[in-house]
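Student: A structural model of the following input is requested.
(chains A and B)
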Amino acid sequence: MADGVVVEPLLQLLEKADGGLDSLQVATGLRVDHQLVVGAVKSLQSLGEVISAEQRSSKRWELSCEGKEIAEQGSHEARVFNSVPPEGLAQSQLMNLPSGKVGFSKAMSNKWIRLDKNAEGGPRVYRVVESIEDLVQKKLLLAQQGQTDSLEEKDKNELKKRKLLNEVNVKSYWITKGSAFSTSVTKQETDLTPEMISSFTEMPTNNFIESSFWNFDALFQPQQHPARDQHDTFFLSDPACANHFPEDYLERVKRVHSEGGYGSQGYKYDWKIEEAAKNILRTHTTAVSARMLYRLAQQEEFTPVKYFSIDRVFRNETLDATHLAEFHQIEGVVADYGLTLGDLMGILHQFFTKLGITKLRFKPAYNPYTEPSMEVFSYHEGLQKWVEVGNSGVFRPEMLLPMGLPEGVSVIAWGLSLERPTMIKYGINNIRELVGHKVHLQMVYDSPVCRLDC
Amino acid sequence: MPTVSVKRDLLFKALGREYTDEEFDELCFEFGLELDEITSEKDIIAKEQGTVKAEGASDDILYKIDVPANRYDLLCLEGLSRGLQVFKERCEPPRFKRVVPANGDLQRLLITEETAQVRPHAVAAVLRNISFNQEHYESFIELQEKLHQNVCRKRTLVAIGTHDLDTISGPFTYTAKPPEDIKFTPLNQSKEYTASELMHLYKNDSHLRHYLHIIEDKPVYPVIYDSNGIVLSMPPIINGNHTKISLNTKNVFIECTGTDLTKAKIVLDMMVTMFSEYCEEPFTVEAAEVLYPDGNTYIYPELPYRKETLTGDLINKKIGVSETPESIAKLLTRMCLKSNVSGTEGVIEVEIPPTRPDIIHACDIVEDAAIAFGFNNIKRTIPTTYTVANQFPLNKLTELLRQDMAAAGFTEALTFALCSKEDIADKLCKDIGNIRAVHISNPKTAEFQVARTTLLPGLLKTVAANRKMPLPLKLFEISDVVLKDSKTDVGAKNNRRLCAVYYNKSPGFEVIHGLLDRIMQLLDIKPGKEQGYYIQAAEDATFFPGRCAEILALGQSVGKLGVLHPDVISKFELTMPCSALDIDIEPFL
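Tutor: So this is what the prediction gives:
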């Protein structure tokens, strides 16, 4: 979290401080926005007794917009003075300058300039002094640097009257050590916030036909893998093969399978393009994730992403009461620098909580394209046992690096079927009662709305 | 995922303690295994062949344990118990050693160039002074079977042959010959057969028939002879009877032949690391020499020990924990990856033993550290990745339309994307040759011959399954069909369609036409020629002549509506008139 970077230095400062610290002082000291410090205080408060913080309000002088402009460019009167050359300037011309009207009268009362009404060609303005000292600008600069104390009360009031300086109320925190103060804090599981769950982008999964390349090879799934067997996957006779691949990427995929690289031993076998070109009905939407991550890697600069999709996948499986040749897969993918296995479990916890499933545990598993891999189990109160509800893992470097993603980027992903949890939730034993043309319409007419939270 | 059956009592003996079923289940879960079933030989036979046949069978409790597909070292009782004992820090992982016999003479296997046509690789090793008992022997045979089914990919990549070395004499020759020229007595047979006869003999063998296809069509079959012409094996089908292993076998010659050398080496390493435990000098394996036709010689088994170095910091960062390098080294050692902290920078030196060919990258080491730490002991955290949400526009449009279709009184159906050719052609009075359908090459049944090119058959089948419901039936579906398209990389693409049917005593063309007007209203398309929509009479074999119209919108044809042809109605086993609407919604994005 953004305030995370402030937490540690804040604790360090607090450790050294006698008594306590003001959050505004901390912000000035650390040269960060005050809001960041406030964020850090709030998150530390949520941890219990690490710190105690008391809100206080103080008055502070702040430059108005005009004040800031003057601090930067000089007062209007100084600008008027500076625009008058030694040979003088027509008053009408001067009045057309941006600071003309305001600056003229002030400069006049400061006796910096004089007006000759009888000059040839109309009233003309001349300098009275050689040089001036722009006190207004100086005072404002002092105020801007937070040194309002060095200004006299009447100066401040005058600047306030000219609407260059405002007195504002600032809320800050007086931070003191708590009973459980420590400079190192372990971050607790945080709560779900709307930004976190609603910021997933939907992947375009409207491509049921996929090449073996994107469905398997790109995912570092070896060509002899049993999932690529005729008994598990639907192959196509027409159109039998895909004919276009990103050539250099394909070469990198071939190399990582057959020789290794990117820190990997590889599988050391004879990788064949003919096998990769075979068209299939996609066996998982992870094929689309692979395409999306490849596309992401082609961006000039990496940006973190969160993707999701819900769509059909196909398996040439033996059919029974809980298995069909096609089902819907829900998939989630997050790519960013430095994601951890703990992050994956945290996200899965959030995700399943939204589905009304809160009791989760994770089992080590094997998946050709994720390492570590975890099966997700949830405790089913009705069945009185742990049931598998999904699969997850961290994508292997052998999949990500050939795409061109930067080394430090981790991609965590998870998937589950839509039908299985639905069947469990509604107590349906035969999948054909839920999906397909044999569904009883009376059931559709009579179903209550789906509310996952109860 | 491979399932390994082990006798519970033998397993507990090897583990040095007893567990309740729940405790053992828990241990499996933690280690990444799954206690799938608790049964007995008697139960299994009773279930498969009836209780009468099961009489007299063993009552010993069997644990069926699911093992991850890349952990070949856990496919037998020996490996499983070793893995768990090391995990629980009750023993150290053994150190495997390749040795040369005292006289320096290695067993030699010569490969001839004919093998290149069928199965070019072979590796070999010897287990010297082994002592089997009944259980070890069964486990030895069972491991070969498990390896054959998994890493060997049903013997296509690798096949294992094990032989009583004292019945044969080297050097051995691995060659390939025409089937008529190979003749020997195969395992558990009493007479000689030629290879061709054997292929015929095994046609009906419930086990071996699955492997015949691997060499059946080849001009030559692989075969291994000893120096006296005795056949050791005809891989990947069957061994010779002469070299058969028994409980009394003292010295075992192991050969693995295959098309994938990497896998053959792994399989040989697995066989010897699992069973050298029973050799007089445990965990030692006698080397053998393999001579290739090009003159190169290799010594096997490789029993590779590889060193990897990585920092504790990296492992901590990948998992999300903060353990000391020493503690991580300890965790890894519990996974049979002997590790030490070297130097002061937190660098951990990890040794990958020959039993762990699944460790091919640092990420595999990270996973093992996480398993030993316990996945469920890792703090669950929320990453701080901030991104902007976006819905896929086509799905967003679909969602919006679905709601209003339902509001218009139509019920949504969810039908299959795969169907028979008949569904999209004959039953709609169309010719399959004129349809841009994607065809599946290996369907198990006719239901999965093609991907649908229209949503109509799915809806009509739904109506047919619900004929008893009160009329009218008003159904719709918005989903993808698949069409061939040479412009895409795979040669096909999805197309999002909206289809609706109205099934009643009267055809209800006006209802379906009204629905079209409503849909266009929702899409903000006004009636009209140019930028609007209109319909014009059309001919289509699926529809009743004179009751079909093409729908044009935004200057292009987007679909059809009309009253279905009576032949279509009856082919879907329906009895009432039906009108239908079928449009492509992608132009309205």
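Student: quick one: is stretch A:296-316 near chain B?
Tutor: Yes: with CB under 8 Å from any CB of the partner chain as the criterion, chain B is reached by stretch A:296-316 at A:Pro304, A:Val305, A:Lys306, A:Ser309, A:Arg312, A:Phe314, A:Asn316. From N, CA and C alone the C-beta is placed, and that goes for glycine too.
Student: Got phi/psi on residue 248?
Tutor: All of this is about chain A. phi -70, psi -30 (degrees, to the nearest 10).
Student: Chain B is the one I meant
Tutor: phi -90, psi 0.
Student: Report how many residues lie close to it.
Tutor: When counting by other CB atoms under 10 Å in any protein chain shown, one arrives at 9 neighbours for B:Asn248.
Student: now do A:Leu341
Tutor: Using other CB under 10 Å, A:Leu341 is surrounded by 28 other residues.
Student: can I assume it is in contact with B:Asn316?
Tutor: No: the pair A:Leu341 / B:Asn316 is not scored as a contact, 10.7 Å apart, by CB atoms under 8 Å.
Student: Which strand residues bridge the residue in the stretch 351-454 of chain A that chain B sits nearest to?
Tutor: Nearest residue of the stretch 351-454 of chain A to chain B (CB to the nearest CB) works out as A:Pro364 at 3.1 Å. Judged by DSSP bridges, the bridge partners of A:Pro364 are A:Met374.
Student: Now tell me what touches the worst-scoring helix or strand of chain B on mean pLDDT from outside.
Tutor: Sorting the helices and strands of chain B by mean pLDDT, DSSP states H and E puts helix B:51-54 at the bottom, at a mean of 82. For helix B:51-54, the surrounding residues in contact (CB atoms under 8 Å, 6 or more residues apart in numbering or on different chains) are B:Lys42, B:Asp43, B:Ile45, B:Ala46.
Student: need the contact list for the residue of chain B positioned farthest from its centre.
Tutor: Relative to the C-alpha centroid of chain B, counting by CA atoms, centre = their mean, B:Gly528 is the outermost residue, at 55.2 Å. Going by CB under 8 Å, 6+ apart, B:Gly528 touches B:Tyr534.
Student: Need phi/psi at it.
Tutor: Dihedral angles (degrees, to the nearest 10) for B:Gly528: phi 150, psi 160.
Student: Kindly provide the distance from it to B:Ile512.
Tutor: Separation of B:Gly528 from B:Ile512 (CB to CB, to the nearest Å) stands at 20 Å.
Student: one step back: flag every buried residue along the least confident helix or strand of chain B.
Tutor: Using 16 or more other CB atoms under 10 Å in any protein chain shown as the test for burial, helix B:51-54 gives B:Ala54.
Student: Which single one of the contacts of helix B:51-54 is nearest to chain A?
Tutor: Among those, B:Asp43 lies closest to chain A (CB to the nearest CB), at 20.6 Å.
Student: Now the helix or strand hosting that closest one - C-alpha only, PDB.
Tutor: Using DSSP states H and E, B:Asp43 maps to helix B:41-49. Extracted C-alpha coordinates of helix B:41-49, given in PDB (Å, rounded to 0.1, in the frame of the first residue of the first chain):
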ATOM      1  CA  GLU B  41      -7.900 -56.100  -1.600                       C
ATOM      2  CA  LYS B  42     -11.100 -58.000  -0.600                       C
ATOM      3  CA  ASP B  43     -13.200 -54.800  -0.900                       C
ATOM      4  CA  ILE B  44     -11.800 -54.100  -4.300                       C
ATOM      5  CA  ILE B  45     -12.500 -57.600  -5.600                       C
ATOM      6  CA  ALA B  46     -16.000 -57.600  -4.000                       C
ATOM      7  CA  LYS B  47     -16.800 -54.300  -5.700                       C
ATOM      8  CA  GLU B  48     -15.500 -55.300  -9.100                       C
ATOM      9  CA  GLN B  49     -16.400 -59.000  -9.200                       C
END
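Student: did I read that right, B:Gly545 in a strand?
Tutor: Rather than Gly, residue B:545 is Pro. Yes: counting by DSSP: H, G, I helix; E, B strand; the rest coil, B:Pro545 is part of a strand.
Student: That one contacts B:Gly562, correct?
Tutor: No: with contact defined as CB under 8 Å, B:Pro545 does not reach B:Gly562; the gap is 9.6 Å.
Student: how about the helices in the stretch 451-589 of chain B?
Tutor: B:456-465, B:509-522, B:566-571 (DSSP state H, counting those that start in this stretch).
Student: For those, give me TSV that also has mean pLDDT, distance to chain A and mean neighbour count.
Tutor: Below are these laid out as TSV (pLDDT from 0 to 100; distance: least, CB to the nearest CB, whole Å; neighbours: other CB atoms under 10 Å in any protein chain shown):
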stretch	mean pLDDT	distance to chain A	mean neighbour count
helix B:456-465	97	4	24
helix B:509-522	96	18	17
helix B:566-571	96	15	16
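Student: Could you point out which of those helices sits nearest B:Ala446?
Tutor: Closest approach to B:Ala446 among the helices of the stretch 451-589 of chain B (CB to CB): helix B:456-465, 13.2 Å.
Student: where's the residue farthest from the centre of chain B relative to B:Ser322, distance?
Tutor: Here B:Gly528 is placed at a distance of 69 Å from B:Ser322 (CB to CB).
Student: Now A:Ser58: closest residue in space, sequence neighbours ignored.
Tutor: Leaving aside its sequence neighbours, A:Ser58 sits nearest to A:Val170 (CB to CB, 6 or more residues apart in numbering or on different chains; 5.5 Å).
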